[in-house]
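Student: Kindly generate the corresponding structure for this input.
(one chain, ligands or ions: 1)
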Amino acid sequence: MQLDAAMLVAALIPSWSSVLLLASYLVYLAVAGTILPSKIVPGALLSDGSRLHYRCNGLVSLFLLLVLTATGVYMGWISPTAIADKGVELLSATFIFSLFVSFVLHAGGSRSHNQSSSLKPYVTGNFIHDWWFGVQLNPHFMGVDLKFFFVRAGMTAWLFINLSLLAKSYLAGTANLSVFLYQLFCALYIIDYFVHEEFMTSTKVGLHAGLWRSSFHSIHLQYTGVVAFTKQSGVTKCCCNSKLLDFCVFRGANKQKHVFKKNPNAHIWGKRPKVVGGKLLASGYWGITRHCNYLGDLLLALSFSLPCGASSVIPFFYPIYLLILLVWRERRDEARCSQKYKEVWAEYCKLVPWRILPFVY
Ligand code: NDP
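Tutor: Predicted coordinates:
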């Protein structure tokens, strides 16, 4: 028991090789994001009338990294299980790095004299609040939009962690159909995110989320990947079926809003959309609940954890965390929308009374 605790503490102290692996990965993403061909997507209009522009080339960056890694593995330069072998150490290195970045950004951002909506410091004086939410809306480092960057880092890492765990499982002879199906659905989810990366630019995650949570998010993705893959049970196939449905809700809802914001007359589910007060979509998923996209995300998170069975609560850490985060987020978004849209929002709430889950909440 004492030995286990000592081993865990030792694993929590990142080795130089795990720090180097993390640093190389982040440098690759920063360079690839800057130099690879990309679609430049304008972000939402900010309160000072300015607009950020995002380089959406996550898919190219992901595939290039896959090709480079596959070549490295084929040539024997890299072990396919390198990430899986360093699981806890890498998690710990990422966590320490995230903490470091959040403190640096808090300190640097608080002293900023820039008055643009993106870089103006929003300081309340409550250190915990300011550190958690971030003091600048869109912090940048050497021309890289950090929020966009860290969400990309988390999503890309998720795929690589899964692949490394797959290799480990395959080499150990424990891979089975459930494992492959789990991998397939995670990969589809991640690739779909990058195919639709520009949707990120019109969500509040992209616009208002603090960097800290983007980094934190990647840790959860990584941890979920590790746990979900190491414990498999027969429920995977059934989960896979439900994943398809959850995925449609999640992606469909976000896509409908994105399309509506670009063209309020665009058809939703083949019909002209019902619009409240000329501003709010009340058709499609947005006519079922006021945050159907959160419901899709929560169901997806649950279906990623279900294959792990019920023997431990640890694999359910991500859906539980997400449930708390999204309910809290929905409450804040509701207050913001009610203030912004006033009677139009009240009318929308009358028309669509459910917040996230129909007939329950
Ligand atoms: P949304 O993309 O849902 O944005 C909410 C905003 O959309 C509102 O503030 C309002 O903004 C606009 N809006 C609300 N209702 C309507 C309507 N009926 N018609 C038109 N516009 C409307 O929020 P998030 O950015 O929080 O979420 C985006 C995605 O990211 C979700 O799928 C969520 O699940 C996921 N997410 C994942 C997290 C994770 O850790 N895995 C964390 C947070 C989110 P406006 O003022 O522009 O009209």
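Student: Could you give the number of residues near Leu26?
Tutor: Using other CB atoms under 10 Å, Leu26 has 17 other residues around it. Using the backbone N, CA and C atoms, a C-beta is placed for each residue, glycine as well.
Student: any idea how far it is from Arg152?
Tutor: 10 Å (CB to CB, to the nearest Å).
Student: The ligand contacts on the chain?
Tutor: 203-205, 217, 250, 254, 257, 260, 280-281, 286, 291, 293-294, 297, 322, 325-326, 329, 333, 336-337, 340 (CB under 6 Å from any ligand atom).
Student: Please indicate which of those residues are buried?
Tutor: Buried members of those, counted by 16 or more other CB atoms under 10 Å: 217, 250, 254, 257, 260, 280-281, 286, 291, 293-294, 297, 322, 325-326, 329, 333, 337.
Student: Just to be sure, which of those are found in helices?
Tutor: Judged by DSSP state H, the subset of these located in helices is 217, 250, 254, 257, 260, 293-294, 297, 322, 325-326, 329, 333, 337.
Student: Looking at the residues you listed, which is nearest Leu66?
Tutor: His217 (21.6 Å; CB to CB).
Student: gap between the two ends of stretch 162-182?
Tutor: 9 Å (CA to CA, to the nearest Å).
Student: buried set for it?
Tutor: 162-169, 175, 178-179, 181-182.
Student: Could you do stretch 13-20 as well?
Tutor: 14, 18.
Student: any weak-confidence spans in the stretch 101-250 of the chain?
Tutor: Filtered on pLDDT under 70, the stretch 101-250 of the chain yields the residue ranges 178, 202-244.
Student: so what's Val276 closest to, chain neighbours aside?
Tutor: Nearest residue to Val276, sequence neighbours excluded (CB to CB, 6 or more residues apart in numbering): Tyr348, at 4.5 Å.
Student: which residues does that neighbour contact?
Tutor: Tyr348 sits next to 276-277, 280, 282, 290, 341 when contact means CB atoms under 8 Å, 6 or more residues apart in numbering.
Student: Now that we have the residues you listed, which of them are buried?
Tutor: Counted by 16+ other CB under 10 Å, the contacts of Tyr348 give 276, 280, 282, 290, 341 as buried.
Student: quick one: contacts of stretch 65-76?
Tutor: Contacts of stretch 65-76 (CB under 8 Å, 6+ apart): 28, 32, 78-80, 156, 160.
Student: now that stretch: how far from the chain's centre is it?
Tutor: Averaging C-alpha positions (CA atoms, centre = their mean, to the nearest Å) puts stretch 65-76 26 Å from its chain's average.
Student: With just CA atoms, put that stretch into PDB.
Tutor: The C-alpha trace of stretch 65-76 is given here as PDB (Å, rounded to 0.1, in the frame of the first residue of the first chain):
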ATOM      1  CA  LEU A  65       1.000  15.000 -37.200                       C
ATOM      2  CA  LEU A  66      -0.500  11.600 -37.800                       C
ATOM      3  CA  VAL A  67       1.700  11.100 -40.900                       C
ATOM      4  CA  LEU A  68       4.800  12.300 -39.000                       C
ATOM      5  CA  THR A  69       4.100  10.000 -36.000                       C
ATOM      6  CA  ALA A  70       3.300   7.000 -38.200                       C
ATOM      7  CA  THR A  71       6.600   7.500 -40.100                       C
ATOM      8  CA  GLY A  72       8.400   7.800 -36.800                       C
ATOM      9  CA  VAL A  73       6.800   4.600 -35.500                       C
ATOM     10  CA  TYR A  74       7.500   2.800 -38.800                       C
ATOM     11  CA  MET A  75      11.200   3.800 -38.800                       C
ATOM     12  CA  GLY A  76      11.500   2.800 -35.200                       C
END
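Student: Asp192: what secondary structure?
Tutor: helix (DSSP: H, G, I helix; E, B strand; the rest coil).
Student: you'd agree it is up against Arg251?
Tutor: Yes. Using CB atoms under 8 Å, Asp192 makes contact with Arg251 at a distance of 6.3 Å.
Student: Compare these two (neighbour count), which wins?
Tutor: The neighbour comparison of Asp192 against Arg251 (other CB under 10 Å) goes to Arg251, with 20 against 13.
Student: That one and Leu300: what is the separation?
Tutor: Counting by CB to CB, the gap from Arg251 to Leu300 is 9 Å.
Student: Okay, and Gly108 sits in which element?
Tutor: helix 87-110 (DSSP states H and E).
Student: moving C-terminal of that helix, what's the next helix or strand?
Tutor: Next along from helix 87-110, by DSSP H and E: helix 127-133.
Student: can you list the residues that contact the following helix or strand past that following helix?
Tutor: The helix or strand immediately downstream of helix 127-133 is strand 140-141, counting by DSSP H and E. Residues lying outside strand 140-141 but in contact with it, judged by CB under 8 Å, 6+ apart, are 118-119, 146.
Student: give me that answer again for 10 Å
Tutor: 30, 52, 101, 104-105, 108, 118-119, 146-149, 211 (CB atoms under 10 Å, 6 or more residues apart in numbering).
Student: now the regular element (helix or strand) spanning Ala70: how far from the chain's centre is it?
Tutor: Using DSSP H and E, Ala70 falls within helix 58-74. The chain centroid and the centroid of helix 58-74 are separated by 21 Å under CA atoms, centre = their mean.
Student: My guess is Trp132 contacts His106. True?
Tutor: Yes. Trp132 is within contact range of His106, at 9.4 Å (criterion: CB atoms under 10 Å).
Student: Neighbour count: those two, which is higher?
Tutor: His106 (24 against 14).
Student: Identify the residue nearest that one in space, chain neighbours excluded?
Tutor: Leaving out its chain neighbours, the residue that sits closest to His106 by CB to CB, 6+ apart is Trp131, at 4.9 Å.
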